[in-house]
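Asker: Structure of the sequence below:
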Amino acid sequence: MEWGLAGLGVPTLTRSGLLVAAWLGITGGLHLDGAMDTADGLAVPDPQRRLAVMADSRTGAFGVMAAIILLGLKTAALVDLTTGQWLAVMAAAGWGRWGQVVAIARYPYLREQGKGALHKAAIRPAQDVWPGLLSLLGLSLLFWGLYPQQWLLAVGIALGGNAIAILTGAWFHRQLGGHTGDTYGAVVEWTEAFVLCLATILQ
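Answerer: This is a model prediction of the structure:
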């Protein structure tokens, strides 16, 4: 999509905005909705009320701010990425979903029922975690092979993406004592945004 828009002469900022919009459309906004609900819940000082706030279908101010920050960071990072954009986009999407799988496998699920309960019940850590990790490391290795001069970006995305994915899930667990379907989505969104930002530093 990026190459096609560039070929049509679409300016960089507009291309980046359209790419983020398409990215959001492909997921149906599911993960972003979870990130917004999580932000609303974490904004509540009383830990006992956080899950109830997250379950509320209404979006609060903190949820809106989280969405603006996430979409803004992704768009800005794509504008600033002058090399290795395809690696950054694929890696961000991959590490985000891998971090979600790690959170599902590693941490308790906080609701008796919910959309995330199905994933928690079906998770198979050995079969679900390791293949994804190897695939993402292989992606960076492929990029390194194609562009040896950009080895720092390849290695940094591999190591940094892994760390970001794991630490993001761990942070939400520390705040709530576990995870919900909303925080699974938040792990995806924040990991994607941070990996893209990391790529701008490493390029």
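Asker: Pull out the buried residues from the lengthiest helix in the chain.
Answerer: Using DSSP state H to define each element, the chain has its longest helix at helix 151-176. Buried residues in helix 151-176, defined by neighbour count with 16 or more other C-beta atoms under 10 Å: 153-154, 156-158, 160-162, 164-166, 168-170, 172-173, 176. (Each C-beta comes from the backbone N, C-alpha and C, glycine too.)
Asker: and W130, what element?
Answerer: helix 125-146 (DSSP states H and E).
Asker: In PDB, list the C-alpha atoms belonging to that helix.
Answerer: C-alpha atoms of helix 125-146 as PDB (Å, rounded to 0.1, in the frame of the first residue of the first chain):
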ATOM      1  CA  PRO A 125       2.300 -22.100  25.600                       C
ATOM      2  CA  ALA A 126       4.900 -24.300  23.900                       C
ATOM      3  CA  GLN A 127       3.000 -24.500  20.600                       C
ATOM      4  CA  ASP A 128       1.700 -20.900  20.600                       C
ATOM      5  CA  VAL A 129       4.700 -18.900  21.900                       C
ATOM      6  CA  TRP A 130       7.800 -20.400  20.400                       C
ATOM      7  CA  PRO A 131       6.800 -20.600  16.700                       C
ATOM      8  CA  GLY A 132       5.800 -16.900  16.800                       C
ATOM      9  CA  LEU A 133       9.100 -15.900  18.400                       C
ATOM     10  CA  LEU A 134      11.200 -17.900  15.900                       C
ATOM     11  CA  SER A 135       9.200 -16.400  13.000                       C
ATOM     12  CA  LEU A 136       9.800 -12.800  14.200                       C
ATOM     13  CA  LEU A 137      13.500 -13.400  14.800                       C
ATOM     14  CA  GLY A 138      13.600 -14.900  11.300                       C
ATOM     15  CA  LEU A 139      12.000 -11.800   9.900                       C
ATOM     16  CA  SER A 140      14.800  -9.600  11.300                       C
ATOM     17  CA  LEU A 141      17.300 -12.200  10.000                       C
ATOM     18  CA  LEU A 142      15.800 -11.900   6.500                       C
ATOM     19  CA  PHE A 143      16.000  -8.100   6.600                       C
ATOM     20  CA  TRP A 144      19.600  -8.300   7.700                       C
ATOM     21  CA  GLY A 145      20.400 -10.700   4.900                       C
ATOM     22  CA  LEU A 146      18.800  -8.400   2.300                       C
END
